[in-house]
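**Student:** quick one: sequence and predicted model below, then my questions.
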Amino acid sequence: MEQPILRQIIISFGGILIIALGFFGMQKMAANKKPEPEAEVRAIPTVFTQKVTNGSLPIFITASGNLSARDRIEIFSEVQGIFDFSANQFKPGVYYKKGAVLMQLNSDEYRANMRAQKSGLFNLIVGLLPDLRFDYPDAFQKWQDYVIAFDVEQVLKPLPESTTDKEKLFIASRNINTTWFNVKNMEERLAKYTIHAPFSGVLTEANIDEGALVRAGQKLGEFISPNIYELEVAVNSTYADLLKTGNSVTLNNIERTKNWIGKVNRLNSFIDPNTQTIQAFIRVSGKGLREGMYLEADLTAKDEENTFEVSRKLIQDNNKLFVLEGDKLILKEIETIHFMEKTVVIRGLSDGTELLERMLPGAYEGMTVKRFQK
């Protein structure tokens, strides 16, 4: 009887041990089991918005070019001689007042030759007087007065006018008229030995020094007025009919730290066949301007009504914009009027339409967003 009872006890104890081991094993497995990941929650991006306010916007055309003086001359010599004198030092950057002597060439030899020719004319007229006294007494006095006032050092005066055809033919037969014109021509040429400043300005180029031999036709330098400048720019022919003489123009230096106000002075009617542009000449004056200075011009072509200006970065596919309807992004088709350096003038959105102020990376139509609370 004892053996069966003992066996029953052992079997029961073994069963309890197995159950206990299984329980502890399940507890350990449950402790080591990884928790299931929670469902990922997507963050709703925040956007900056702006509201459309349509109005009249000026269309600006940006062009650039180099300044050049409106009043400028290239100095050439028409005669030959030694560079003898200048009112100031003949060097680049030197200022001359209007009428001052830019350059005077030595004319001693030519002047002496002209005096000899004047003396020859004087002798011809003196030899004419005895015949005039007897044959044309009415004309004698005026010719005698001419001889008395004659001075080889002074500018040649016009000959007395003949009152009759006979007197006129008689004077011509003595070679008086031909000689007078030859001497007058020498006077005109003598004036070319001195070059005067046609306006107040500065030398920008000087190709010769005092004491040097100047040859006829030789370029001696350049002279400009530093007061008024012109900027030549090339403008797309599309705007040829919109630009008007007298339009105001804002000019900026390349760093856009300084600006000046100019006016469209001239427009060339010729269209360059290669670039399809026209030339516009802008007149400007002011402190800080220099010959050859590079400037950018903002020309106002016309005003566009019912338009709005946005950043170029917001434009999608050249004619679409993201607008906000509720909390969703919607692509709206718009009309692009004019592209500028950083912005675009557009038309097609109603007043109050809410659109992005800055582009959202990865934006797509139907995307849920929230507005930034300013």
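**Tutor:** Arrived safely, thanks for sending.

**Student:** contacts and neighbour counts: CA atoms only from here.
**Tutor:** Will do.

**Student:** ok, the residue nearest to residue 199 when sequence neighbours are not counted to residue 19 distance?
**Tutor:** In this structure, residue 199 finds its nearest non-sequential neighbour in residue 98, 4.2 Å apart by C-alpha to C-alpha, 6 or more residues apart in numbering. Per C-alpha to C-alpha, to the nearest Å, residue 98 is found 123 Å from residue 19.

**Student:** just to revisit the earlier point, show the contacting residues for the residue nearest to residue 199.
**Tutor:** The contact partners of residue 98, by C-alpha atoms under 8 Å, 6 or more residues apart in numbering, come to 196, 197, 198, 199, 200, 201.

**Student:** and what of residue 136?
**Tutor:** By C-alpha under 8 Å, 6+ apart, the contact set of residue 136 is residue 167.

**Student:** what about it, distance to residue 175?
**Tutor:** 17 Å.

**Student:** kindly report the same for residue 247.
**Tutor:** 61 Å.

**Student:** likewise residue 135?
**Tutor:** 18 Å.

**Student:** put the alpha carbons of the strand ranked longest in the chain into CSV.
**Tutor:** Longest strand in the chain by number of residues, with DSSP state E as the criterion: strand 294-311. The C-alpha trace of strand 294-311 is given here as CSV (Å, rounded to 0.1, in the frame of the first residue of the first chain):
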residue,chain,number,x,y,z
TYR,A,294,28.9,101.5,-65.3
LEU,A,295,25.3,102.1,-64.3
GLU,A,296,22.1,100.1,-64.3
ALA,A,297,18.9,101.9,-65.4
ASP,A,298,15.3,101.1,-64.3
LEU,A,299,13.1,102.4,-67.0
THR,A,300,9.3,102.7,-66.4
ALA,A,301,7.6,101.4,-69.5
LYS,A,302,4.0,101.5,-68.4
ASP,A,303,1.5,100.8,-65.6
GLU,A,304,-0.3,97.5,-65.4
GLU,A,305,-3.8,97.6,-63.8
ASN,A,306,-5.2,94.9,-61.5
THR,A,307,-1.8,93.2,-60.8
PHE,A,308,0.1,92.0,-57.8
GLU,A,309,3.9,91.4,-57.2
VAL,A,310,5.2,88.1,-55.8
SER,A,311,8.6,86.4,-55.4
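
**Student:** what's the distance between that strand and the middle of its chain?
**Tutor:** 17 Å (C-alpha atoms, centre = their mean, to the nearest Å).

**Student:** buried residues in the helix or strand that it is followed by?
**Tutor:** The first helix or strand that comes after strand 294-311 along the chain, using DSSP states H and E, is strand 320-325. Across strand 320-325, burial judged by 16 or more other C-alpha atoms under 10 Å covers 320, 321, 322, 323, 324.

**Student:** go on, stretch 157-168?
**Tutor:** Of the residues in stretch 157-168, those buried (16+ other C-alpha under 10 Å) are residue 167.

**Student:** could you pull up the mean pLDDT of that stretch?
**Tutor:** Averaged over stretch 157-168, pLDDT sits at 90.

**Student:** got the contact list for it?
**Tutor:** Contacts for stretch 157-168 (C-alpha under 8 Å, 6+ apart): 136, 139, 142, 143, 146, 180.

**Student:** repeat that for stretch 72-89.
**Tutor:** 94-96, 100-107, 192-193, 209-225.

**Student:** ditto for stretch 233-248
**Tutor:** 61, 63-65, 261-267, 271, 276-282, 299-302.

**Student:** run the last query once more with 7 Å
**Tutor:** Here stretch 233-248 makes contact (C-alpha atoms under 7 Å, 6 or more residues apart in numbering) with 63-65, 261-266, 271, 276-281, 301-302.

**Student:** any of those buried? List them.
**Tutor:** By neighbour count, with 16+ other C-alpha under 10 Å, the contacts of stretch 233-248 hold 63-65, 261-266, 271, 277-281, 301-302 as buried.

**Student:** list the helices and strands the helix or strand hosting residue 138 packs on?
**Tutor:** Using DSSP H and E, the element containing residue 138 is helix 137-149. Where contact means 3 or more C-alpha pairs under 7 Å, 6 or more residues apart in numbering; DSSP states H and E, helix 137-149 is packed against helix 108-135.

**Student:** mind giving me the packing neighbours of the helix it packs on?
**Tutor:** On a contact count with 3+ C-alpha pairs under 7 Å, 6+ apart, helix 108-135 meets helix 137-149, helix 176-191.
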